[in-house]
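Peer 1: From the sequence below, what's the structure:
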Amino acid sequence: MSTETQFDRLVPVGDTHERDVCKTCGFVNYQNPRIVVGSVVRHEGKVLLCRRAIEPRRGFWTVPAGYLELNETPEDGARREAREEALAHLKLGDLLAVYSVPHLSQVQLIWRAELLDPGAGAALFGIGEESLEVALFDWDALPVDEIAFPTVHWMLGHEREVQRQGYRGPFSNPGVR
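Peer 2: Predicted coordinates:
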C-alpha cells in the first residue's frame with residue numbers, strides 16, 4: 001500500500017485560489033510568498049557588496065540578503081544574513097524598501113544599515129560562506145554591470161535617493177505607488 005499523498009488542484013471551500021488539496025484527507029498544501037531580508041550597508045560614505053559564491057548569479061555582486069528563517073524577526077534575519085555573507089555586524093536603520101517579485105513569489109524587506117565595530121581588533125567585515133569576495137565601494141565605482149539582480153539596482157538607487165533628498169518612507173518597485 002502506497003503512503004504517497006495525491007493532490008488535486010482545486011479551490012477549497014471558503015477559499016478564492018486554486019490549491020493542492022489531498023484527495024484522501026483534504027489537507028490544503030498552501031504555497032505562500034518567500035520573504036527575503038537584507039540591507040544596504042554603508043560605511044564612511046561607501047557601500048558594502050558581496051560577490052556571490054552560490055547560484056543563482058554566482059560571481060555577481062549583491063547586498064547581504066537572503067531568506068527569512070522560521071521563528072526569526074525580519075530585523076534579526078537581515079542582521080544574520082550580513083554575518084553569514086560578510087562577517088559583518090550591523091546597526092539597522094530605517095526600512096529602505098519593500099519590493100515585490102511575483103514571478104519568484106518573493107517579498108523583499110530591505111533596511112538601511114551601518115557597519116558596527118565588533119571590537120577587540122576584529123575586522124569590520126570579511127568573506128562569509130556564501131561570498132567569494134566582500135568589498136566597500138565608492139558610489140561612483142559600483143560594479144553596475146556585475147550586479148546580480150534588478151532589485152539590487154533598485155536598492156542602491158533608492159539608498160542614493162535617501163542620501164540626496166532624505167528619507168521619505170519605504171520605497172517599492174519602481175513605477176509602483
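
Peer 1: After the host helix or strand of Val37, heading C-terminal, what element do we hit next?
Peer 2: Taking DSSP states H and E as the criterion, Val37 maps to strand 34-43. Downstream of strand 34-43, the next assigned helix or strand under DSSP H and E is strand 46-52.

Peer 1: and that next one, which residues are buried?
Peer 2: Of all the residues in strand 46-52, those buried under the rule 16 or more other C-beta atoms under 10 Å are 46-52. Quick note: C-beta positions are derived from backbone N, CA and C, even for glycine.

Peer 1: The strand or helix carrying Gly157 vs strand 34-43, what angle?
Peer 2: Per DSSP H and E: Gly157 is located in helix 150-165. Orientation check (axes from the mean of the first three to the mean of the last three C-alpha atoms, to 10 degrees): helix 150-165 against strand 34-43 gives 40 degrees.

Peer 1: tell me the mean pLDDT over helix 150-165?
Peer 2: For helix 150-165, the mean pLDDT works out to 97.

Peer 1: Only C-alpha atoms, please: export that helix in PDB.
Peer 2: Only the C-alpha atoms of helix 150-165 are listed here, as PDB (Å, rounded to 0.1, in the frame of the first residue of the first chain):
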ATOM      1  CA  PRO A 150      17.400  44.000 -10.700                       C
ATOM      2  CA  THR A 151      16.200  44.600  -7.100                       C
ATOM      3  CA  VAL A 152      19.800  45.300  -6.100                       C
ATOM      4  CA  HIS A 153      20.000  48.100  -8.600                       C
ATOM      5  CA  TRP A 154      16.700  49.400  -7.100                       C
ATOM      6  CA  MET A 155      18.100  49.200  -3.600                       C
ATOM      7  CA  LEU A 156      21.200  51.100  -4.400                       C
ATOM      8  CA  GLY A 157      19.300  53.700  -6.300                       C
ATOM      9  CA  HIS A 158      16.800  54.200  -3.500                       C
ATOM     10  CA  GLU A 159      19.600  54.500  -1.000                       C
ATOM     11  CA  ARG A 160      21.300  57.200  -3.100                       C
ATOM     12  CA  GLU A 161      18.000  59.000  -3.300                       C
ATOM     13  CA  VAL A 162      17.700  58.900   0.500                       C
ATOM     14  CA  GLN A 163      21.200  60.300   0.800                       C
ATOM     15  CA  ARG A 164      20.400  63.100  -1.600                       C
ATOM     16  CA  GLN A 165      16.800  64.000  -0.500                       C
END
